[in-house]
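S.K.: sequence-free structure coming up:
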């Protein structure tokens, strides 16, 4: 397969860089996690009518 498509390695690396190889800002990640609002266990019908 690699002999038939020698560009395959470069395409796979480009796809990985697009989706996975990202620099993570740990400060922003911690802020986002701290700002999350916890969901109720069952969102439908938990409020008194």
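M.R.: That came through fine. Bear in mind that the values here come from a model prediction, so they are computed numbers and not experimental data.

S.K.: So which elements touch the longest helix along the chain?
M.R.: Ranked by residue count and defined by DSSP state H, the top helix of the chain is helix 8-19. Applying 3 or more Cβ pairs under 8 Å, 6 or more residues apart in numbering; DSSP states H and E, we find helix 8-19 packed against no helix or strand. C-betas here are computed from N, CA, C, even on glycine.

S.K.: just checking, next helix/strand downstream of it?
M.R.: Next helix or strand after helix 8-19 toward the C-terminus (DSSP states H and E): helix 26-34.

S.K.: related to what we said a few turns ago, go ahead and name everything in contact with the longest helix of the chain.
M.R.: With contact meaning Cβ atoms under 8 Å, 6 or more residues apart in numbering, helix 8-19 is reached by 1-2.

S.K.: Can you get me a residue count around residue 15?
M.R.: A count of nearby residues for residue 15, using other Cβ atoms under 10 Å, gives 10.

S.K.: what's the distance between it and residue 7?
M.R.: As judged by Cβ to Cβ, to the nearest Å, residue 15 and residue 7 stand 12 Å apart.

S.K.: for residue 33, same thing?
M.R.: Between residue 33 and residue 7 the computed distance is 40 Å (Cβ to Cβ).

S.K.: any idea how far residue 41 is from residue 31?
M.R.: 26 Å.

S.K.: swap in residue 13?
M.R.: Distance, residue 13 to residue 41, by Cβ to Cβ: 43 Å.
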